[in-house]
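>>> Here is my input; please provide its structure:
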Amino acid sequence: FAFAAGRKARALFIALVYAHTLELSAADMTGVSHGGIINMMSADAQKLFEISQFMHLFWAGPLQIVIATAFLISVIGLPSLAGVGVLFLIGPLNLFMAELKRIVRAKHMPLMDARVRLCNEVLAGIRVVKLFSWEMPFMETIREARKAQLKFVFRELYLFTIVISVLILTPGLASLATF
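The predicted model follows:
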């Protein structure tokens, strides 16, 4: 159900942004880049899709933690609280990593918008670019913009790797602390 709802929300969001963009006049569009609109329609709509799959964790997550802790205490005894403590200590690390990702993403998005805007401008004026044989200079400019953007893509991937590593190590660390 959540997957289908997220897919519908993403499609609705894209349709609403597209419909609103069509209604805007040229004066309304000053200061708004096409790259920003395309970015909103793709990246932001994808976030709506992703959050719909995890929204039930806000109420189910704490409930699962309480029930699982009660079961662990009844089976293992008080030493199980050491493992639960490790899980709670990992929480602030996850929040820190999420904040780092948000900072990197905030620096990445303007570069992505600039590259998309540059590509759109080149495509819009492709006849002039071809007429004056400006393909190579524009290609180099786009390459440089992509190169600057890739630095932040790799930083995001490194952060993602660390988060996944912590995710994989956490159950083992909790078990080690328990026993």
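
>>> Distance of the residue nearest the centre of the chain relative to residue 7?
Residue closest to the average C-alpha location in the chain (Cα atoms, centre = their mean): residue 47, at 6.6 Å. Relative to residue 7, residue 47 is positioned 13 Å away (Cβ to Cβ, to the nearest Å). In short, each C-beta sits where N, CA and C put it, glycine included.

>>> next one: residue 151
As judged by Cβ to Cβ, residue 151 and residue 7 stand 32 Å apart.

>>> packing partners for the helix-or-strand element of the chain with minimal mean pLDDT?
Taking mean pLDDT, DSSP states H and E as the measure, the helix or strand of the chain with the lowest value is helix 34-39, at a mean of 73. Helix 34-39 sits against helix 80-124, with contacts defined as 3 or more Cβ pairs under 8 Å, 6 or more residues apart in numbering; DSSP states H and E.

>>> Now the helix or strand just after the helix it packs on - C-alpha only, PDB.
Per DSSP states H and E, the first helix or strand lying C-terminal to helix 80-124 is helix 126-131. Only the C-alpha atoms of helix 126-131 are listed here, as PDB (Å, rounded to 0.1, in the frame of the first residue of the first chain):
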ATOM      1  CA  ILE A 126      22.000  24.100 -30.800                       C
ATOM      2  CA  ARG A 127      21.700  25.700 -34.200                       C
ATOM      3  CA  VAL A 128      23.900  28.600 -33.300                       C
ATOM      4  CA  VAL A 129      26.300  26.300 -31.500                       C
ATOM      5  CA  LYS A 130      26.600  24.100 -34.700                       C
ATOM      6  CA  LEU A 131      26.700  27.100 -37.000                       C
END
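
>>> Let's test this: mean pLDDT of whichever helix or strand comes after helix 126-131, rounded?
The element immediately downstream of helix 126-131 (helix or strand, assigned by DSSP H and E) is helix 135-178. Average pLDDT, helix 135-178: 92.

>>> Please consider this matter closed, and thank you.
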